[in-house]
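Visitor: return atomic coordinates for the entry below.
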Amino acid sequence: MSDEADAVLIQKFASIERCIRAIEEYLGGDLSRLDDQLIQDAVLLNVQRACEQAIDAACRMVSKRSLGVPSDAAAAFELLERRGLISIDSRHAMKAMVGFRNVAVHEYRRLDHAILREVVSNRLGDFRRLCRELAEHA
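Guide: Numbering: from 1, shown residues only. Reported below is the predicted structural model:
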């Protein structure tokens with residue numbers, strides 16, 4: 001990050017990291033804990049929070065760089081990737097995460113629990129990669 005680090009972005013990154021750590025703490029390395037409805041709800045809430053913070057960070061960077069006005073949450077990641085501020089992998093991962101968040105928030109009954117397991121098993125690092133990439137250009 002630059003000498004005049006963006007305090008808002010720093011807060012977003014810290015919040016994402018807190019969410020990831022909370023998920024890891026709730027699960028304790030044991031995915032079977034997701035069978036407990038309270039644990040599942042707590043994990044899902046933290047995934048949603050991390051998604052919201054990632055979207056906010058992306059929108060903040062889009063605004064700082066005057067890249068335009070995103071038409072929706074996923075579009076912010078597209079604008080950043082087109083300008084080389086995040087990788088294509090991050091763009092794809094975050095667009096998928098936004099889709100997952102939308103289902104979790106708006107259509108909870110349709111939520112595929114296998115996808116939640118995939119997210120917490122293999123996709124939390126996507127949030128950390130996004131934070132690193134945005135921090136390089138903040």
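
Visitor: use CA for all of it now, contacts and neighbours both
Guide: Fine.

Visitor: and stretch 103-123, how far from the chain's centre?
Guide: Put simply, stretch 103-123 sits 13 Å off its chain's centre (C-alpha atoms, centre = their mean, to the nearest Å).

Visitor: so what would you say the end-to-end distance of it is?
Guide: The first and last residues of stretch 103-123 sit 17 Å apart, counting by C-alpha to C-alpha, to the nearest Å.

Visitor: buried stuff in it?
Guide: Of all the residues in stretch 103-123, those buried under the rule 16 or more other C-alpha atoms under 10 Å are 104, 111, 116, 119-120.

Visitor: tabulate the residues you listed (TSV), appending pLDDT, secondary structure and distance to E81.
Guide: Shown next, in TSV, are the buried residues of stretch 103-123 (pLDDT from 0 to 100; DSSP: H, G, I helix; E, B strand; the rest coil; distance: C-alpha to C-alpha, whole Å):
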residue	pLDDT	secondary structure	distance to E81
A104	86	helix	25
L111	80	coil	28
L116	93	helix	25
V119	95	helix	22
V120	96	helix	24
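
Visitor: show me where pLDDT drops low in this protein?
Guide: Applying pLDDT under 70 to the chain flags residues 1-5, 108-109.

Visitor: and for R60, the neighbour number?
Guide: Residues within reach of R60, counting by other C-alpha atoms under 10 Å, total 18.

Visitor: revised request: answer the last question for D36.
Guide: Neighbourhood size, D36 [other C-alpha under 10 Å]: 9.
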